[in-house]
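Trainee: My questions concern the predicted model and sequence given below.
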Amino acid sequence: MIYSGEFWLGLGGPSGDDGDFLRPVTQESSYGVKARLGYDMDRFMPFVSLGYANLSYSADHDGGGSNIANDSFGATTLGVGADYALSRNTILRIEAEHLNIEGTAFDFGGGDLHGTEFSRNRLNLSVAWKF
């Protein structure tokens, strides 16, 4: 069994429109920590991961750009994936990950709070270098 940890940083992200008060909502940035547990099979290693992320969003209340809320939300992450060693120090990684986003209420000011519930699924493809 192999275990490891990682810190990650993301800039930008998905954007969407709920047709009501998030016109649009856009992920601005994200960061998180993750623990991974894998089973070493020479050049191939399947793994599961568990982590925590902080996601920063902006939401436009009416679509006109004058009433913007910027908020950050925490998320627990759960993933499954595999590493493949291309060489001794270079790894190709694929991971399917689910983010359960907690406490999602956008504050547009003056007591104008809009709660929403959402989660994300994402597919990560990356290259890692060992050092």
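Mentor: Cool, got the structure.

Trainee: Low-confidence bits of this structure, can you list those?
Mentor: Where the chain drops to pLDDT under 70, the residues are 17-22.

Trainee: Show residues contacting whichever strand or helix holds residue 31.
Mentor: Secondary structure assigned from DSSP states H and E places residue 31 in strand 25-38. Residues from elsewhere that reach strand 25-38 (C-beta atoms under 8 Å, 6 or more residues apart in numbering): 1-18, 45-60, 70, 75, 77, 79, 83, 106. For glycine as for every other residue, the C-beta is placed from the backbone atoms N, C-alpha and C.

Trainee: Just the ones of the residues you listed in strands?
Mentor: 2-11, 15-16, 45-60, 70, 75, 77, 79, 83, 106 (DSSP state E).

Trainee: Would you mind giving me the ChimeraX syntax to select the buried ones in those?
Mentor: Buried residues among the ones in strands among the contacts of strand 25-38 (16 or more other C-beta atoms under 10 Å), as a ChimeraX selection:
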select :10,45,47,49,51,53,55,56,57,58,59,60,75,77,79,83,106
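
Trainee: Where does the closest residue to residue 125 other than its chain neighbours sit, in terms of helix or strand?
Mentor: Leaving aside its sequence neighbours, residue 125 sits nearest to residue 94 (C-beta to C-beta, 6 or more residues apart in numbering; 5.5 Å). Applying DSSP H and E as the criterion places residue 94 in strand 90-101.

Trainee: Pull out the buried residues from that strand.
Mentor: Using 16+ other C-beta under 10 Å as the test for burial, strand 90-101 gives 91, 93, 95, 97, 99, 101.

Trainee: Same list as before, these that is, but in JSON lines and with distance to residue 34 included.
Mentor: Shown next, in JSON lines, are the buried residues of strand 90-101 (distance: C-beta to C-beta, whole Å):
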{"residue": "91", "distance to residue 34": "15"}
{"residue": "93", "distance to residue 34": "12"}
{"residue": "95", "distance to residue 34": "9"}
{"residue": "97", "distance to residue 34": "9"}
{"residue": "99", "distance to residue 34": "11"}
{"residue": "101", "distance to residue 34": "16"}
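
Trainee: Sort out which one of the residues you listed lies nearest residue 64 for me.
Mentor: residue 101 (25.7 Å; C-beta to C-beta).
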